[in-house]
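1. need a 3D model of the sequence below.
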Amino acid sequence: MDVNAAVAAAAAIAGVCTGVIAMLAFRWSERDQKRPTRTSLHTDPVLPPGVDTVLSVLRSSAVVLDEADSVVKASSAAYALGLVRGGKLAVEPMLQMARDTRRDGEIRQVELDLPRRGTGRGEALAVSARVAPLGSRLVLLLVEDLTEARRIEAVRRDFVANVSHELKTPVGALSLLSEAVMDASDDPEAVERFAGRMQIEATRLTSLVQELIDLSRVQNDDPLEDAEPVRVDELVSEAMDRCRHQAGTKHITMAASVGGPEAFGEERGTGSDLHVWGNRGQLAAALGNLVENAVNYSPARTRVGIAARTVAVSGGQHIEIAVTDQGIGISERDKERIFERFYRVDPARSRATGGTGLGLAIVKHVAASHGGEVTVWSSEGQGSTFTLRLPVAGAARDRSRETGSGATASGSGGSGTPGPTESAENSLSSPYEPLPAPEVLP
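-> Next up, the predicted model:
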């Protein structure tokens, strides 16, 4: 009996011990399941509430990094800039900034120049990067693209420098000539000579200031607010009348054909049914600049032609006004820059003719603001053809009424302008055959 009781007691004790051990094992297992593992810390990080929504509406490129420098969240713009590759931040300076911020919690900001993806021209991408802690374990990186802002600033800086230089030249000349007049007060012939030079410099200064005003106006104003149908033959007549004196001095023949099949058949064409929709003053100034350049850069006893016709393009009916000269022509290198502000193919000739280097920049902006474009064909020693293409009056008027804000600008970049340089689209071919090489007319 004693033996049986002992066995029963031992079995009871063993059962109690087994139950206690099972209970402890269950509790331990349950605690291990609730405890976050090292792997889960890195693979399943949780963004603070609302952060995902905020990042989705930011204009900046956003990247969120965890403790292992892995990308938890990245915007599409960050991938487009090449900041994220293979789930990692690909820019080492930014990665180092994130590590430093994670270590001390300090917000950091820096501007960097990054290589642009997909180009072999070595162009740099200017960005501003800002890193800040996001909660206790995450780091937020915001990257702003500054490339366009820097380009605009460079254009503005170059424009101010060019304007200062262009204004300084005639003002300095007037100062020197006024001193010369004072010193030659007892010499009537010298006074007359210096006064003539002063008049030339004053005219040059007036032209420069006026063209700066015109350029500012065509860049900032909406030309279609006061738009009206404008007859093309009247624009051509005004442009020819504006340059008739200079052409007569150089014995240059000007011929025009508006709407006719022949480009240069007579002194004046008919074609009064061709109309464009826009600001009459700006259109007249643009075409006048083209004709004036053609006369200024043509040798004596040559011809300048103006031809206008209707052409069918993908965007509808357009009117092309081509101005052809038999001048010195433009090299391939210069054709890429002739629409920049203050750029001159021949600075010496520009000074002699009173050119400011703003005429073609004005033409480019007028064409763009009227929904058109200006292109150039040129061959050195044979001459040039500048073609102004504008929508016909009906199509342009309907488009301006539909949009409520006028024709959409096209072909404009930034400059006379752009990078620091702003280029317009140039054409290597022309729908008009160039005039033959300069010839002496009888």
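2. burial of the closest residue to residue 246 other than its chain neighbours, as a residue count?
-> The shortest distance from residue 246 to any residue other than its chain neighbours is 5.1 Å, reached at residue 295 (C-beta to C-beta, 6 or more residues apart in numbering). In short, each C-beta sits where N, CA and C put it, glycine included. The number of residues packed near residue 295 is 25, by other C-beta atoms under 10 Å.
3. helices and strands around the helix or strand where residue 295 lies, which ones?
-> Using DSSP states H and E, residue 295 falls within helix 280-296. When contacts are defined as 3 or more C-beta pairs under 8 Å, 6 or more residues apart in numbering; DSSP states H and E, helix 280-296 packs onto helix 188-220, strand 228-231, helix 232-249, strand 303-313, strand 316-324, helix 359-369, strand 383-391.
4. which one of the ones you listed has the lowest average pLDDT?
-> The minimum mean pLDDT among the helices and strands packed on helix 280-296 belongs to helix 188-220 (a mean of 83).
5. quick one, it and helix 359-369 angle?
-> 20 degrees (axes from the mean of the first three to the mean of the last three C-alpha atoms, to 10 degrees).
6. list the contacts of residue 110.
-> Residue 110 makes contacts with 93, 97, 128, 129, as judged by C-beta atoms under 8 Å, 6 or more residues apart in numbering.
7. are any of these buried, and which?
-> Applying a neighbour-count criterion of 16 or more other C-beta atoms under 10 Å, the buried members of the contacts of residue 110 are 97, 129.
8. could you list which of the contacts of residue 110 belong to strands?
-> 128, 129 (DSSP state E).
9. sorry, back to before: show me what contacts the residue nearest to residue 246?
-> Applying C-beta under 8 Å, 6+ apart to residue 295 gives the contacts 243, 246, 247, 250, 252, 254, 304, 325.
10. surely the third one touches residue 254?
-> Spelled out, it's residue 247. Yes: the criterion here is C-beta atoms under 8 Å, and residue 247 meets it with residue 254 at 5.4 Å.
11. skip the chain neighbours and tell me the closest residue to residue 297.
-> The nearest residue in space to residue 297 (C-beta to C-beta, 6+ apart) is residue 327, at 4.0 Å.
12. so that neighbour: helix, strand or coil?
-> On the three-state scheme (DSSP: H, G, I helix; E, B strand; the rest coil), residue 327 is labelled coil.
13. what's the neighbour count on residue 324?
-> Neighbours around residue 324, by other C-beta under 10 Å: 25.
14. just residue 237 next, same as before
-> 17.
15. got it, and residue 392?
-> 19.
16. show me what it is bridged to.
-> Here residue 392 sits in beta bridges with residue 276, going by DSSP bridges.
17. any idea how far residue 372 is from it?
-> According to C-beta to C-beta, to the nearest Å, residue 392 stands 11 Å off from residue 372.
18. got the contacts of residue 110 as TSV, with distance to residue 226 and pLDDT columns?
-> Compiled in TSV, those are given as follows (distance: C-beta to C-beta, whole Å; pLDDT from 0 to 100):
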residue	distance to residue 226	pLDDT
93	52	91
97	53	91
128	41	91
129	46	92
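19. between the contacts of residue 110, which is nearest residue 344?
-> Taking C-beta to C-beta as the measure, residue 344 lies nearest residue 128 of these, at 36.6 Å.
20. secondary structure element holding the residue nearest to the closest one when sequence neighbours are not counted?
-> Among residues not flanking residue 128 along the chain, residue 144 sits closest, at 4.5 Å (C-beta to C-beta, 6+ apart). For residue 144, the enclosing helix or strand under DSSP H and E is strand 138-145.
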